[in-house]
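1. Using only what follows, build the 3D model:
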Amino acid sequence: MFFRMLAKAFTVGFKGKILLIVTIAFGASLATAMLNVSLDVGDKMNRELKTYGANLLVVPKMDALPAEIDGVDFNPLADRQFIEEEELPKLKTIFWAYNIVAFTPYLEASASDAKVNHPIAVVGTWFNKDLDLPTGERINTGIQQLKTWWQVEGAWVKDEDNNTALVGTTLARQLGLSPGESLNVNVEVKGGTKLLPLKVTGILSGGGADDDKIFVSLSTLQQTMGLSGKVGKVEVSALTTPENELARRAALNPERLTAKDYETWYCTAYVSAIAYQIEKALPGSEAKVIRQVAESEGIILTKIQLLMFILTAAALISSGLGISGLMTTKVLERSKEIGLMKALGAQSPAVLLLFLVEAVVSGIMGGLLGYGAGLGFAHIIDRTVFDTALTFKGLVLPLVLLLSVLLTLAGSFSAMRMVIRLQPANVMRGGR
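-> Next comes the predicted model:
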């Protein structure tokens, strides 16, 4: 009898039931979309923000105090410390190796040209380097992966080509250079200067100080300076988690953390944890956090996650209010039926159970419908905002169904109270 009455409840007043399910589906669809996006929004936003440069700078620990002016390193060559180029693949062996998106080394020198009356910064780097890792894997990294906003008129320098260069647009204008032309500069080396003949493959527009520099392959500058296998610094772009109070304490001195806090910090992708692991992988180096970039990433991620939470909460509250109104109306419409059931001997808990089961079934149906619609919304968000394909997350469906059922039960609270308080005698006389 119970199930017959339950089935009748879904066939009689079908339009009202459809409206209730659609209302539940509205909240469930937005919850699905927000959950699908927000569960990995940190990684997606991090990848977007990584297109704007590195958030870690690795330098020799015992290097002299920096003396860089307008992009030119004025440290005496004899006083400078270096990192071994052959050690760099170890960056991809740390605990958070897969969070390191790209890295590139730099070797810098000061040079001169008769056409300009100021020192010229010559930078040796990897452009698009195929790198073999100790794990046996092979990756592709370099400045082209690190500084994706750079625009080059002409062609990029190839790592295997010697004596080719990218010239910054400001410097190229001063020297009257264009792609395909030649350039000779005198590079400062230990004990004097050395002529470096270059062929300009492209004109670089990168913004800021980079537009005043000459970029050559790392091997070219190493050979010119007599510093085979040496690099001056390494820029690293890593996917990170926004820092909190624990990360800030660890950044001061990780050794002072308790064992539990240390494990939590080390196993979370905080920028300070990644910097610490890099220093362990490259002895004699110091990994400095580029605070402006790292903190900006954390602020942006936190605000976006808060916005998603507020949107989801607003949608669920709106659906809950709609459910409350629809369920109350339904109880009022069926008051005579409820009164008759009570008059025939049905106890209030039994009548209440019938309505609760109706609410749960409606919640599940609305949740399933909303889940399907929400996947469509999530796909649109992923494509238009992050330019990525939708990734299905198994956790979302049970969460959405649970939220839908809880939302329906919460919205039905006032209607359930009416079911309990309704008196058969009042209903039969036309009252409530």
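
2. quick one: the strands in the stretch 201-350 of the chain?
-> 213-217, 230-231, 233-238, 285-289 (DSSP state E, counting those that start in this stretch).

3. Of those strands, which is nearest residue 194?
-> Each of the strands of the stretch 201-350 of the chain was checked against residue 194 via Cβ to Cβ, and the shortest separation belongs to strand 213-217, namely 13.3 Å. Where C-beta positions appear, they are placed from N, C-alpha and C, glycine not excepted.

4. And for the closest residue to residue 188 other than its chain neighbours, the neighbour number?
-> If you skip the residues right next to it in sequence, residue 188 has residue 110 as its closest partner in space, 4.8 Å away by Cβ to Cβ, 6 or more residues apart in numbering. Residues lying near residue 110 (other Cβ atoms under 10 Å) number 18.

5. helix, strand or coil for residue 185?
-> Taken by DSSP: H, G, I helix; E, B strand; the rest coil, the conformation at residue 185 corresponds to strand.

6. Just confirm residue 132 contacts residue 138, I think it does.
-> Yes. Using Cβ atoms under 8 Å, residue 132 and residue 138 qualify as a contacting pair, with a distance of 5.5 Å.

7. can you tell which of the strands of the stretch 201-350 of the chain is closest to residue 118?
-> Using Cβ to Cβ as the criterion, the shortest distance between residue 118 and the strands of the stretch 201-350 of the chain is 12.2 Å, found for strand 213-217.

8. Show me what the closest one pairs with in its sheet, parallel or antiparallel.
-> Each strand that pairs with strand 213-217, with its direction, by DSSP bridges: strand 120-125 (parallel), strand 164-168 (antiparallel).

9. Mind checking those strands for the one nearest to residue 365?
-> Nearest to residue 365, of all those, is strand 120-125, at 58.9 Å by Cβ to Cβ.

10. now the helix or strand following the closest one, how far from the centre of its chain.
-> Downstream of strand 120-125, the next assigned helix or strand under DSSP states H and E is strand 129-132. From the chain centre to the centre of strand 129-132 is a distance of 25 Å (Cα atoms, centre = their mean, to the nearest Å).

11. Repeat that for stretch 112-131.
-> Relative to the mean C-alpha coordinate of its chain, stretch 112-131 is positioned 33 Å out (Cα atoms, centre = their mean).

12. Any idea how far apart the tips of that stretch sit?
-> The stretch stretch 112-131 measures 33 Å between its terminal residues, going by Cα to Cα, to the nearest Å.

13. swap in stretch 205-215?
-> Between the opening and closing residues of stretch 205-215 lies a distance of 12 Å (Cα to Cα).

14. Quick check: buried residues in that stretch?
-> Of the residues in stretch 205-215, 205-206, 210-215 count as buried by neighbour count, 16 or more other Cβ atoms under 10 Å.

15. likewise stretch 370-382?
-> The neighbour-count check on stretch 370-382 (16+ other Cβ under 10 Å) flags 370-371, 373-375, 377-378, 381-382 as buried.

16. cool, stretch 167-180 as well?
-> 167-172, 174-175, 177, 179.

17. What is the burial count for residue 29?
-> Residues within reach of residue 29, counting by other Cβ under 10 Å, total 25.

18. helices or strands next to the helix or strand hosting it in the packing?
-> Applying DSSP H and E as the criterion places residue 29 in helix 14-38. Taking 3 or more Cβ pairs under 8 Å, 6 or more residues apart in numbering; DSSP states H and E as contact, the helices and strands that helix 14-38 lies on are helix 291-333, helix 348-381, helix 396-411.

19. what's the spacing between the second one and its chain's center?
-> With Cα atoms, centre = their mean as the basis, the distance from the averaged C-alpha position of helix 348-381 to the chain average is 31 Å.

20. Quick check: residue 105 touching residue 125?
-> Yes. The pair residue 105 and residue 125 passes the contact test of Cβ under 8 Å, sitting 6.5 Å apart.

21. Neighbour count for those two, which is higher?
-> Between residue 105 and residue 125, counted using other Cβ under 10 Å, residue 125 has the larger neighbour count: 26 against 23.

22. got a list of what that one touches?
-> By Cβ atoms under 8 Å, 6 or more residues apart in numbering, the residues touching residue 125 are 104-107, 142-143, 215-218.

23. For it, name its beta-bridge partners.
-> On the basis of DSSP bridges, residue 125 takes part in beta bridges with residue 106, residue 217.

24. so how far is residue 359 from it?
-> 64 Å (Cβ to Cβ, to the nearest Å).

25. rewinding a little: could you export the helices and strands packed on helix 14-38 to a markdown table, including columns for mean pLDDT?
-> Putting these into a markdown table (pLDDT from 0 to 100) gives the following:
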| stretch | mean pLDDT |
| --- | --- |
| helix 291-333 | 75 |
| helix 348-381 | 82 |
| helix 396-411 | 87 |
